[in-house]
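Novice: Quick one, fold the following:
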Amino acid sequence: MTRSAVPLHAWLILGAALVAVSSAGAVLQIIEGVPPILKASWRLQATSVLLLPFAIMQWKKMDEESRQRFTEQRNLGILVGSGICLFLHFGLWVWSLDHTTLTHSLLFVTAHPLVFVVGLALLGRPLHVRQSFGAVIGFIGVAFTLIGAGGDGEVTLLGDLAAFGGAIAIVGYLAAGRTLRSWMPLFVYAFPVTAIGAILLTIASMGIEGSAFSSVDTNLSVFGWMDPIWLPAVLYLAIGPGLVGHTGINAVLRWISPVVISVSVMIEPILGTVIGMILGTATAPDPWTWFGGGLILLGIYGVTTATGQKISADAEE
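Specialist: Model (predicted):
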């Protein structure tokens, strides 16, 4: 698909989606005094509520064969697995926001294309030379970026590793989506997966952070996001990054190549840091982060474009 064939509104939707997704980290950091896993559960709880009516509408339009296919044990297992991956992704990533800088967190959590290449190598799958080269450059960038851990009071190795763990988890979520979204409507897929993630995060928060259904302290309440103090921020996270962001990116796949979208999403660490600086939750990155982060993004670019070319070549054979 050529750029000239893409309508203007598709680029506008993609731009709005990228801004929305990139703003999530900074907005989550604004919600201060709330334990990170509970904060992550609020985000998915609110998103689930918004997704439900759309899921019901799409379910009603599905034919009987698709509904039966939805209830097959294999497909239900994939949905549950996807929900577990989403739970791990959000839990680890939001936790990392409290234990490293916003820039480091965004760099590592968006490094999943590097994880994808490692997974292919471990499975013995053939790799494009640019995939291998990109992964090597990316992991060299990771090493340089980690030099800043411990030097800056805000940056910790554990926080960076948690964000990278979030990147590993999202690979499973994306793999499940590729399997089911070929026939399952968007919201019929997204609602149960998001709800499972929300439930697991809530249970984890109650067990680890001591949150409760009847807590007097809003900051420890399972449904504390409904309090007027936090409702605007959490609703923004659900509507902005949740609906406008992820749904918008899914929507423009109709007009824009997945490779172009994947490369565009690479702007998230940069744009997210700028938004964080505007909102006062982030500072300018240190030199190691600039250098290492640049290598990470270069590596991701190499992996993403090489993967797209490999998929196109395989499809033509």
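
Novice: Pop out the phi and psi values for V216.
Specialist: Main-chain torsions, V216, degrees, to the nearest 10: phi -70, psi -30.

Novice: give me the number of residues near it?
Specialist: V216 is flanked by 7 other residues according to other Cβ atoms under 10 Å. Where you see a C-beta, it was placed from the backbone N, CA and C, and this is true even at glycine.

Novice: Kindly report the same for Q131.
Specialist: Neighbours of Q131 using other Cβ under 10 Å come to 26.

Novice: how far away is L186 from I147?
Specialist: 41 Å (Cβ to Cβ, to the nearest Å).

Novice: Can you give the distance of stretch 291-300 from its chain's centre?
Specialist: Remark: stretch 291-300 is offset 18 Å from the chain centroid, using Cα atoms, centre = their mean, to the nearest Å.

Novice: for stretch 179-188, same thing?
Specialist: With Cα atoms, centre = their mean, you get 18 Å for stretch 179-188.

Novice: which residues touch it?
Specialist: 51, 54-55, 57-59, 61-62, 66, 69-70, 75, 78-79, 82, 189, 247, 250 (Cβ atoms under 8 Å, 6 or more residues apart in numbering).

Novice: what about that stretch, how long is it end to end?
Specialist: 14 Å (Cα to Cα, to the nearest Å).

Novice: mean confidence score for it?
Specialist: Mean per-residue pLDDT for stretch 179-188: 91.

Novice: what residue ranges in the stretch 1-150 of the chain are flagged as low confidence?
Specialist: Across the stretch 1-150 of the chain, residues meeting the criterion (pLDDT under 70) sit at 1-4, 148-150.

Novice: Going along the chain, name the helices of it.
Specialist: 8-22, 24-30, 36-61, 64-70, 73-97, 102-109, 112-122, 129-146 (DSSP state H, counting those that start in this stretch).

Novice: okay, these, which one's buried deepest?
Specialist: Most buried of the helices of the stretch 1-150 of the chain by mean neighbour count (mean count of other Cβ atoms under 10 Å) is helix 102-109; its value is a mean of 29.
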